[in-house]
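Enquirer: Sequence and predicted structure, then a few things I'm wondering about:
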Amino acid sequence: MGNRRGKVRGVAARAGGWSARHRWAAVGIWVLFVALAMGLGSAAGTVEVKDSEQLKGETRTAAKLIEDAGIEEPAGETVLIQTKDGSLTATDDEFRAAVEAVVRAVDATGEVTGITSPYDTRTISEDGRSALVQFDMRGDSDTAGERVQPVLDAVGKVQQEHESLRIEEIGGASMMKTFDQAFGDDFKQAEYSAVPVALGILLIAFGALVAALVPVLLAITAIVATMGLMGLVSHLMPMSDTANSVMLLVGLAVGVDYCLFYLRREREERQAGRDARTALRIAAATSGRAIVVSGVTVCVAMAGMLFTGIAEFEAMGLASLMVVAVAMVGSVTVLPAVLSLLGERVEKGRVPFLRRRSAAGNSGSRFWSAVLKGVLARPVVSVVVAVGALLAVAAPAVGMKTQDLTLDQEFGDSLPIVQTYDRVNTAFPGGSDPAEVVVKADDINAPEVRAALADFRERAISSGASRGPVEISVHDEENLAFVYVPLVGGSDLDEAGASLDVLRDEVRPATLGEVEGVQAPITGQVAGSKDFSDQLVGAVVPVFVFVILFAFVLMLLSFRSLTVAITSIVLNLLSVGAAYGILVAVFQHGWGASLVGAEGVGAIVSWLPLFLFVILFGLSMDYHVFVVSRIREARLRGRTTKDAITHGVVTTAGVVTSAAVIMVAVFAIFGTLSMQSMKQMGVGLAAAVLIDATIIRGVLLPAVMALLGERNWYFPNWLRHLPDLTHDETPEPAAPRRETRDEGEPVKV
């Protein structure tokens, strides 16, 4: 480790010093940046990800063919007419009267087109007790949910007139409306409640209203600026609603954390008797530098999503990267200026009964002091117990099963429309989500093409992939045909996936594949889920390698220690593994699932493992960099490695605990949502952060560093030519000392 006196190195120290000297300019530039970003982003608008850009493979090819043809597929709706007690069949007069009443009622609304009777399309179940009336909503499918209410009312009225039958509607428009009503407000409320929760925790941590408001306000301005930037960037890389939600989560978490690190260090130095300027300078060179290292590491981790080739992931990765970068820049520029302007007024709005506790919390943590005393007294036992516990928690992850969640898995039985979905799939396996074959030919009406379509329809049923009916819709002008094939397996994605493989690998090559110049990609929910999973599996290794390699390099350059770089990667992987294990135990095996409302899910949503790895690997570096920086700083001041560990962990325990509680609380809010995918994300993130801030940083990190001793700072001679990104600040003067080791670079203090 090196330390050059008399010269301040590091972008954080220089930025903090400039901002403190030119505080009004720094604040003005930040306000102007936020206003310009939001204004320009609003003016430019946001380009959303298109279906044709979502995935590669057949799903993307099919979407591109439809898009190029200028065909906008309408939102399809289905009305299930089903006997309740089994006494009626589709041939009975009362049943027929109900079908005719549904057809008349939905047609009378003027909102639908292409109404078909089950007696014409043969959409009657094998037992004759269920039938489907099908039609399309007029207008844009994206807004069909806003126009479907009159149709739902008409179907509801028919149901009242035929009490012996079950008459229920389901489809793209009705599901869109139901879910927007049931969960749209729920999701927004979760996002909005995250801010007051964070503010409340900060108020407890600081004991003063102004000090608590500063981090929240800076995080909010960073989020607002990023929203504007997302609009501008979306013209180069389209964005999505999911990316926006993830950006809000990550932005609030890291924005508050970074300010918390900075503000607590500045207050600590002032309480130690240093003047305002010196306290800010120390905070800039220490916590500011830790923020930069952490922020860059998080950005690198988020950039890993760009290697997936999946538009949704790329949008989430880029949005997260931008908000972290903006929050990082704001923390090392405008925050020092704000603190310089506020001075002692940062303590305004003190909460009396929290004042003494807050002041005591800055000097150290009695709890963590007691824990560390035991850990450092028996480091081998501590490592064995902590690693053993983490591996035990991670063990269930070995049998992880990932898939796109079906409607009943995602929402359970909380909504009537989910029960309708199950009834349709039971009576008509695959009928709710048929495979869709998009057939493109030079002449769709050519005899050989027509024959191949007919042959495909016949073989789809004879092969066992479908029980029918297989419907064909031809668009003459566009030379395009749509073939809808209900897959055997229905909502069982494993069985339906096997049926899809039969269509793709056996039926299609023997029929449509025999006609020269014909394209016939197969899409639909099952196909999209399979293509997504296949692409995701192919992206895992490149993303993992990229994130781990670059995180290792950044740790190596930032701490000038090969040992610190290696241990940081290993500890973060243990944290991620434990989070995976908890997810599988709760949501797949159902252990304790009732506590979080996750009964009967049985799988992990396919996009979550990779998403969690990237997010957690980045966020875990927040605490790691902050704690290890403080330990290194104490070591530079002349303390022994053991004393430095104690000092570093105990003095950072309060801020790390506060930051972790905020993150856990924010993520836990999303764990309360009804959507299982959001619940899994919230529980996974909250559990991982909790484990990381306690077992990893409070027990395993100090125990490992205690065992390694001076080897913590090992840096081979052949690596000394690498850039030196360490900081120089040593607030407490230390006697010059040079300690040389037999191997590697000497420790210089």
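Expert: Everything's here; your move.
Enquirer: Now residue 209. Nearest residue, chain neighbours left out?
Expert: Of all residues not flanking residue 209 in the chain, residue 349 sits nearest, at 2.8 Å (Cβ to Cβ, 6 or more residues apart in numbering). (Each C-beta comes from the backbone N, C-alpha and C, glycine too.)
Enquirer: what's the distance between the one you found and residue 280?
Expert: 21 Å (Cβ to Cβ, to the nearest Å).
Enquirer: same thing with residue 576?
Expert: 36 Å.
Enquirer: cool, and residue 554?
Expert: From residue 554 to residue 280 the distance is 26 Å (Cβ to Cβ).
Enquirer: These two: which has the busier surroundings?
Expert: Higher neighbour count among residue 554 and residue 280: residue 280, with 27 against 22, using other Cβ atoms under 10 Å.
Enquirer: List the residues that contact that one.
Expert: 16, 20, 266, 336, 339, 340 (Cβ atoms under 8 Å, 6 or more residues apart in numbering).
Enquirer: Which of those residues has the largest number of neighbours?
Expert: That'd be residue 16 among these, by other Cβ under 10 Å, with 32 neighbours.
Enquirer: Distance-wise, check that residue relative to residue 304.
Expert: In terms of Cβ to Cβ, residue 16 sits 29 Å off from residue 304.
Enquirer: Select from the contacts of residue 280 every entry located in helices.
Expert: 16, 20, 266, 336, 339, 340 (DSSP state H).
Enquirer: what residues are up against the third one?
Expert: With contact set as Cβ under 8 Å, 6+ apart, residue 266 has these partners: 279, 280, 282, 283, 287, 339.
Enquirer: would TSV of those with pLDDT be doable?
Expert: Shown next, in TSV, are the contacts of residue 266 (pLDDT from 0 to 100):
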residue	pLDDT
279	84
280	86
282	85
283	85
287	83
339	88
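Enquirer: Relative to residue 549, which of those residues is nearest.
Expert: Closest to residue 549 out of the contacts of residue 266 is residue 287 (26.8 Å), distances taken as Cβ to Cβ.
Enquirer: so the closest one touches residue 265, yeah?
Expert: Yes - Residue 287 lies in contact with residue 265 (Cβ atoms under 8 Å); the separation is 4.0 Å.
Enquirer: Who has more neighbours out of these two?
Expert: residue 287 (32 against 27).
Enquirer: Now the more buried one, what are its backbone angles?
Expert: With angles defined as degrees, to the nearest 10, residue 287 sits at phi -60, psi -40.
Enquirer: what about it, distance to residue 343?
Expert: Taking Cβ to Cβ, one finds residue 287 at 18 Å from residue 343.
Enquirer: With residue 252 instead?
Expert: Between residue 252 and residue 343 the distance is 27 Å, computed by Cβ to Cβ.
Enquirer: neighbour count winner among those two?
Expert: residue 252 (26 against 10).
Enquirer: Does residue 82 fall in a helix, a strand, or a coil region?
Expert: Put simply, residue 82 is strand when judged by DSSP: H, G, I helix; E, B strand; the rest coil.
Enquirer: Now do the same for it: its pLDDT.
Expert: We have a pLDDT of 92 for residue 82.
Enquirer: likewise residue 582?
Expert: 93.
Enquirer: And for it, nearest residue in space, chain neighbours not counted?
Expert: Nearest non-adjacent residue to residue 582 (Cβ to Cβ, 6+ apart): residue 687, at 4.6 Å.
Enquirer: Now for the one you found: which residues touch it?
Expert: 578, 579, 582, 583.
Enquirer: now residue 317
Expert: Applying Cβ under 8 Å, 6+ apart, the residues near residue 317 are 302, 303, 304, 305, 306, 308, 614.
Enquirer: which one among the residues you listed gets closest to residue 465?
Expert: Of the contacts of residue 317, the one sitting nearest to residue 465 (Cβ to Cβ) turns out to be residue 308, at 29.8 Å.
Enquirer: residues near the closest residue to that closest one other than its chain neighbours, how many?
Expert: Nearest non-adjacent residue to residue 308, counting by Cβ to Cβ, 6+ apart: residue 539, 4.0 Å away. Neighbour count of residue 539, defined by other Cβ under 10 Å: 18.
Enquirer: Look up phi and psi at residue 539.
Expert: The phi/psi pair for residue 539 (degrees, to the nearest 10) is phi -90, psi -10.
Enquirer: just the strands in this structure please.
Expert: 76-83, 112-116, 130-137, 165-171, 402-403, 435-440, 471-475, 480-485, 522-523, 604-605, 738-739, 747-748 (DSSP state E).
Enquirer: Take these and lay them out in TSV including distance to residue 646 and mean neighbour count.
Expert: TSV is the format used below for the strands of the chain (distance: least, Cβ to Cβ, whole Å; neighbours: other Cβ atoms under 10 Å):
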stretch	distance to residue 646	mean neighbour count
strand 76-83	66	24
strand 112-116	72	15
strand 130-137	67	24
strand 165-171	62	23
strand 402-403	42	18
strand 435-440	63	24
strand 471-475	72	15
strand 480-485	67	22
strand 522-523	60	24
strand 604-605	39	24
strand 738-739	19	9
strand 747-748	18	18
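Enquirer: Please produce a markdown table containing those strands, extended by distance to residue 497.
Expert: Putting these into a markdown table (distance: least, Cβ to Cβ, whole Å) gives the following:
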| stretch | distance to residue 497 |
| --- | --- |
| strand 76-83 | 22 |
| strand 112-116 | 28 |
| strand 130-137 | 24 |
| strand 165-171 | 22 |
| strand 402-403 | 9 |
| strand 435-440 | 10 |
| strand 471-475 | 21 |
| strand 480-485 | 14 |
| strand 522-523 | 12 |
| strand 604-605 | 16 |
| strand 738-739 | 62 |
| strand 747-748 | 58 |
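Enquirer: I'd like to know which of those is closest to residue 26.
Expert: Once the strands of the chain are compared by Cβ to Cβ, strand 747-748 is nearest, at 33.9 Å.
Enquirer: Show the model's pLDDT score for residue 166.
Expert: 92.
Enquirer: For the stretch 551-700 of the chain, give me the ranges with low pLDDT.
Expert: For the stretch 551-700 of the chain, no stretch is flagged by pLDDT under 70.
Enquirer: for the protein, what helix or strand is lowest in average pLDDT?
Expert: strand 747-748 (a mean of 38; mean pLDDT, DSSP states H and E).
Enquirer: count of neighbours near residue 600?
Expert: Neighbour tally, residue 600, other Cβ under 10 Å: 12.
Enquirer: Surely it is in contact with residue 412?
Expert: Yes - under the criterion of Cβ under 8 Å, residue 600 is in contact with residue 412, at a separation of 6.8 Å.
Enquirer: Alpha carbons only: can I get stretch 639-651 in CSV?
Expert: Extracted in CSV, the C-alpha atoms of stretch 639-651 (Å, rounded to 0.1, in the frame of the first residue of the first chain):
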residue,chain,number,x,y,z
ARG,A,639,-2.5,0.1,13.5
THR,A,640,-1.9,-3.6,13.4
THR,A,641,-4.0,-5.6,11.0
LYS,A,642,-6.1,-7.0,13.8
ASP,A,643,-6.7,-3.6,15.3
ALA,A,644,-7.5,-2.2,11.9
ILE,A,645,-10.1,-4.9,11.3
THR,A,646,-11.7,-4.1,14.6
HIS,A,647,-11.7,-0.4,14.0
GLY,A,648,-12.9,-0.7,10.4
VAL,A,649,-15.8,-3.0,11.1
VAL,A,650,-17.0,-1.4,14.3
THR,A,651,-16.8,2.2,13.0
